[in-house]
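# Predicted model and sequence follow; I will ask about them next.
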Amino acid sequence: MFSDFDLKVILSSLPYLFGTGMVFTLTLTALAASGGIVIGTLLALMRLSGIAVLAWPAKAYVNVMRSLPLVLVIFWFYFLVPYMGQWLTGASAPISVGAFTSALVTFTLFEAAYFSEIMRAGIQAIPKGQTAAAQAIGLNYRQTMATVVLPQAFRNMLPLLLTQTIVLFQDTSLVYVISLTDFLGAASKVAQRDGRLVEMYLFAAVIYLLICIVASTLVRRLQRRIAIIR
């Protein structure tokens, strides 16, 4: 199998693999993680608000999203949402969403459910005495969350948020189902074009492995540093 291993096909494809594929993968990861953390934090606050009309929909959303395969959610949004938009707006044709927008919205909403649980744990880990002290000096609920609780929760949960982002980075490879060219998709196209499946898929696996190992190592160091600060 490795007797005719061709390293040149990898070297000649590097600009395409990284300039197109990896740039797309990192862009989608960064945007989806940022949006997911924002929406996830809002969902966590809704679940902890004690107001049933806010808590129950947030809980249902998180449970549903965490129960569905990501690839199914990608298909659902890409194929069904345009028709739902047509039905809601009364348009004469399905609403054009676009593959990248579909992927970005799907990953953002899907990951928000996981980020929500991380942030909920972080908020609940803050001693209630700090909330009481903030209210004692005249801070309202919004001010207490914004200046006392959330900054500490973000700092404490940062390693877990980054770990989930690494998982998101790996999951972006699923965009191949809607014909987007991420890093793995770029490697697959080169492999099929040149008939070099072993070289390209092995190279893609090595790159994913190296990036995840380096990122995980940095997260562990950050976790130790945060533990020392505490």
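Looks like it came in fine. Residues are numbered from 1 along each chain as shown.
# Which parts of the chain are helices?
Ranges of helices in the chain, per DSSP state H, are 8-16, 23-48, 52-67, 70-89, 99-125, 128-136, 141-144, 150-171, 183-194, 197-229.
# quick one, which of those helices is nearest to residue 177?
helix 70-89 (6.0 Å; CB to CB). All C-beta spots, glycine's among them, are computed from the backbone N, C-alpha and C.
# any idea of the mean pLDDT for that closest one?
Mean per-residue pLDDT for helix 70-89: 84.
# Which elements pack onto that helix?
helix 99-125 (3 or more CB pairs under 8 Å, 6 or more residues apart in numbering; DSSP states H and E).
# Tell me the spacing between residue 105 and residue 16.
Relative to residue 16, residue 105 is positioned 27 Å away (CB to CB, to the nearest Å).
# now swap in residue 195 and tell me
Counting by CB to CB, the gap from residue 195 to residue 16 is 16 Å.
# which one of the two has more residues nearby?
residue 16 (15 against 11; other CB atoms under 10 Å).
# is it true that that one touches residue 188?
No: the criterion here is CB atoms under 8 Å, and residue 16 misses it with residue 188 at 11.9 Å.
# Low-confidence stretches in this protein?
Applying pLDDT under 70 to the chain picks out residues 1-3, 227-230.
# mind redoing it with 80?
1-7, 81, 84-85, 88, 96-97, 141, 226-230 (pLDDT under 80).
# Can you give me every residue that contacts residue 13?
Taking CB atoms under 8 Å, 6 or more residues apart in numbering, we find residue 13 in contact with 186-187, 190, 200.
# and these as CSV, adding distance to residue 38 and neighbour count?
Shown next, in CSV, are the contacts of residue 13 (distance: CB to CB, whole Å; neighbours: other CB atoms under 10 Å):
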residue, distance to residue 38, neighbour count
186, 29, 23
187, 32, 29
190, 36, 22
200, 36, 25
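# now those residues as CSV including distance to residue 97?
Formatted as CSV, these follow (distance: CB to CB, whole Å):
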residue, distance to residue 97
186, 23
187, 26
190, 28
200, 30
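# quick one, what contacts the nearest residue to residue 16 once chain neighbours are set aside?
Once flanking residues are discounted, residue 16 sits nearest to residue 186: 5.9 Å by CB to CB, 6 or more residues apart in numbering. Going by CB under 8 Å, 6+ apart, residue 186 touches 13, 16-17, 20-22.
# Pick out whichever of those residues sits closest to residue 127.
Closest to residue 127, out of all of those and judged by CB to CB, is residue 22, at 42.4 Å.
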